[in-house]
Every structure is written in C-alpha cells, then in structure tokens.
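Novice: everything below, folded, please.
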Amino acid sequence: MQVGVFTVGSDAPGLNAVIRAVVRTATLRYQADVCGIGDGFSGLLQPPAFWALSPADVRGLSRRGGTILGCNRDNPFDIGGRDRSDEVLETIRWLGLDGVICIGGEGSLVIAHRLAEKGVPLVAIPKTVENDTAGTAVTFGYSTAVDLAVSAIDMLQTTSEVDHRVMYLEVIGRRAGWIALNSALAGGADVALVPEIPYRVEHVAATVEARRAAGKRNTIVVVAEGARAEGEAAGEVAEGAAERVAAAVAELTPEISYRVSALGHLQRGGDPNAHDRFLAARFGAAAVRAVVEGRFGQLVGVRAGQTELVPLGEVVERVRVLEPEGPALWTARSLGLNFGDGVVASG
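Specialist: Here you go, the predicted model:
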C-alpha cells in the first residue's frame with residue numbers, strides 16, 4: 001500500500017508531529033509506504049513534487065515547528081484561471097497512491113472536499129490554531145497558541161501594574177473567540193472581546209473606570225482580531241481591532257494611559273507543546289487507519305474525547321464558535337470576566 005501526505009495553507013504548531021505520526025503508523029503498523037508531497041496541492045500537479053518518507057526521515061519531528069513538506073495556498077481548481085484538478089487524479093494514479101492525507105485549514109478543506117467528490121481517495125486532518133473547525137472539539141496548534149497568549153498576559157500584568165495602565169492584547173480569532181476567551185481566563189485578564197459577542201465601548205470603559213475607582217492598578221483587555229462593536233456585522237471588522245477599541249476607550253477615559261500589543265503570526269509559529277504533539281499523533285494515526293480501511297472523503301476529529309471520522313460535506317464552510325449560553329462562557333462570566341456587553345454574572 002502507498003499513502004501520500006501533504007500540508008496546505010499557513011503554519012500551525014504540530015504539522016511536523018502529524019507527518020511523523022502518519023509515517024510511523026503507516027510503516028510500522030500497516031507495512032505501507034509513505035510518499036511525502038511538497039508544497040500543498042501544487043505537489044500533486046504536473047510535474048509533481050514528491051519523495052519517499054521513512055521513520056528515519058521523521059525522527060525527532062514531533063518537537064519541531066513548521067513542516068518539512070512545505071505549504072502554499074494554490075487551488076488546483078483555479079491555477080492562473082485554469083482548472084487543473086484532473087491532474088491531481090492523474091498524479092495520484094501515476095504515483096500508485098492508494099490514498100492521500102491532506103492536513104489543512106478552512107479553505108483547504110473546501111478544496112479537499114471538492115477533490116474527494118471528484119474521486120480523489122482523500123482523508124483530511126484539520127489544521128487551525130483558531131480552533132474553529134466544525135466536526136472536531138479541538139485542533140492541533142490551538143493549545144500552543146493559547147500558551148503563548150497566556151505568557152504574554154502574564155508579562156503584561158506585571159508591567160501594567162508598574163505603570164498603572166490599561167493593556168490591550170490582540171490575539172488570533174477572526175471568526176471565533178476561543179483563543180481570546182481561554183487565554184483571558186487562564187491569564188486572569190479583566191475583559192475579553194470576542195467575535196461572537198458584540199461589545200459597547202462604554203461598557204469596556206466602565207470596567208476600566210470601576211477598577212481604577214476600586215484602587216486596582218491595571219486592567220488587561222484581550223481582543224480577538226475579529227471582535228466587533230454593536231452594529232458591526234460579523235466579518236466586516238477592519239484590521240487593528242485592539243487599536244480601535246483602545247482608542248475609543250481612551251476618549252472616554254483620557255486620564256488613563258494605555259498600550260496595545262498584537263501577537264499576530266507569533267501564534268502560528270514555534271514548537272508545539274505537549275498537548276498538541278499528542279493530539280497531532282492521534283490525528284495522524286487515525287488518518288492512516290481511515291486510508292487503510294478505504295474511508296475516504298472524511299475529516300479526522302475529536303469529539304467527547306474520542307477520535308472520529310466526520311464526512312467532509314458536513315463540516316466545510318461551517319465555523320465552530322463560542323455558544324452564548326455554553327459552558328465556556330458560563331464559566332468565564334462566573335469568574336467575573338467581562339465581555340463588553342454589560343452582562344454580569346448572576347445566579
């Protein structure tokens with residue numbers, strides 16, 4: 001049996017760990033050969049980019065960030081205005097691949113689904129630090145991104161206490177606020193602004209003023225990049241969410257100094273933490289098993305602690321967001337975390 005594996009889209013901590021798991025599971029458990037495909041879907045176009053992968057080739061990869069296979073965002077259905085998706089099928093046949101494993105995020109999964117419908121024997125693994133892929137309760141890279149954000153909050157806590165400032169930290173999360181919520185909760189922040197809950201500047205300013213009046217020397221506000229004020233539609237928010245919030249709050253609290261930090265692509269890079277290494281191993285092994293069993297057109301996910309396969313058609317173009325009445329937000333509000341909407345914890 002021959003199994004192909006490739007990575008698509010942007011970086012996420014744990015990509016190399018998934019590749020390692022795929023290679024070791026395929027070769028050690030199923031005595032299959034693995035073909036690494038370079039630079040995403042482009043590696044399956046003609047001329048293809050590929051090479052054999054053995055356990056020796058992936059030794060030590062679980063702890064390394066990045067991907068040895070490379071990534072890009074090319075769409076085989078639209079390369080320079082041409083549909084070259086037939087070449088993907090031709091390349092797979094030419095290489096003798098019994099199945100391919102696609103490790104990719106939102107847009108990549110849409111392309112993977114279209115290829116699967118076209119007849120490509122494909123299994124997908126979700127890749128996004130935002131943790132917003134439908135069909136799985138968690139994605140690899142997310143835990144590492146939260147760790148980084150919490151570390152940043154810890155450092156901002158000390159410097160803001162010294163300078164008596166409001167500190168705004170912008171984190172990844174254009175459509176869902178998982179990183180903002182959980183880093184704010186773990187880091188002891190005071191306000192978290194997330195895409196799912198439109199905020200009012202007046203409520204954020206009131207929190208800042210109330211803390212100052214109570215003698216508290218600092219305020220930490222975590223802002224998801226997709227956070228939006230009341231009246232702004234989802235997806236219409238421009239760049240610099242934290243800067244916009246900070247400037248608007250400053251107009252209402254001119255006597256209080258503030259600073260803004262944005263983590264940006266720092267959250268997508270670096271070595272994966274232990275949780276993401278373990279999760280990547282589960283995803284990689286489960287994907288190989290799905291290929292061996294011929295269960296194509298599926299996404300590997302984790303739900304209720306169990307690894308499951310979910311049809312790609314059920315998850316593409318869907319977003320897993322924070323539920324307003326869900327346990328995550330209930331916990332955060334119970335601990336006094338403010339979301340800029342004027343709601344306070346009650347029985």
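Novice: ok, now which ones touch residue 27?
Specialist: For residue 27, the contact set (CB atoms under 8 Å, 6 or more residues apart in numbering) comprises 33-34, 54-55. For every residue, glycine as well, the C-beta is placed using N, CA and C.
Novice: that one in helix, strand or coil?
Specialist: Three-state assignment for residue 27 (DSSP: H, G, I helix; E, B strand; the rest coil): helix.
Novice: pLDDT score assigned to it?
Specialist: Per-residue confidence (pLDDT) for residue 27: 97.
Novice: where's it relative to residue 137, distance?
Specialist: 29 Å (CB to CB, to the nearest Å).
Novice: again, but for residue 263
Specialist: 24 Å.
Novice: give me the more crowded residue out of those two.
Specialist: Higher neighbour count among residue 263 and residue 137: residue 263, with 19 against 14, using other CB atoms under 10 Å.
Novice: just checking, the more buried one touches residue 170?
Specialist: Yes. Residue 263 is in contact with residue 170 according to CB atoms under 8 Å; the separation is 6.8 Å.
Novice: who touches both of these two?
Specialist: Contacts common to residue 263 and residue 170, judged by CB under 8 Å, 6+ apart, are absent.
Novice: output the below-cut-off pLDDT ranges for this structure.
Specialist: 163, 235-238, 344-347 (pLDDT under 70).
Novice: how about the helices in the stretch 201-347 of the chain?
Specialist: Remark: helices assigned in the stretch 201-347 of the chain by DSSP state H, counting those that start in this stretch are 201-213, 241-252, 274-292, 327-334.
Novice: list the contacts for the residue positioned nearest the centre of the chain?
Specialist: Geometric centre of the chain, nearest residue: residue 129, 2.0 Å, by CA atoms, centre = their mean. Counting by CB under 8 Å, 6+ apart, residue 129 touches 12-13, 139, 141-142, 144-145, 172, 179, 267-268.
Novice: work out for me the element residue 123 sits within.
Specialist: strand 122-126 (DSSP states H and E).
Novice: which parts of the next helix or strand after that strand are buried?
Specialist: Going down the chain from strand 122-126, the next helix or strand is helix 142-163, by DSSP H and E. The neighbour-count check on helix 142-163 (16 or more other CB atoms under 10 Å) flags 142-150, 152-153, 156, 160 as buried.
Novice: ditto for stretch 121-140
Specialist: Counting neighbours by 16+ other CB under 10 Å, one finds that the buried residues in stretch 121-140 are 121-136, 138-140.
Novice: and the strands in the stretch 51-200 of the chain, which stretches?
Specialist: In the stretch 51-200 of the chain, the segments counted as strands under DSSP state E, counting those that start in this stretch are 99-104, 122-126, 166-171, 191-193.
Novice: which elements pack onto the second one?
Specialist: Yep, that's strand 122-126 we're talking about. Under the contact definition 3 or more CB pairs under 8 Å, 6 or more residues apart in numbering; DSSP states H and E, strand 122-126 sits against strand 99-104, helix 106-118, helix 274-292, strand 298-303.
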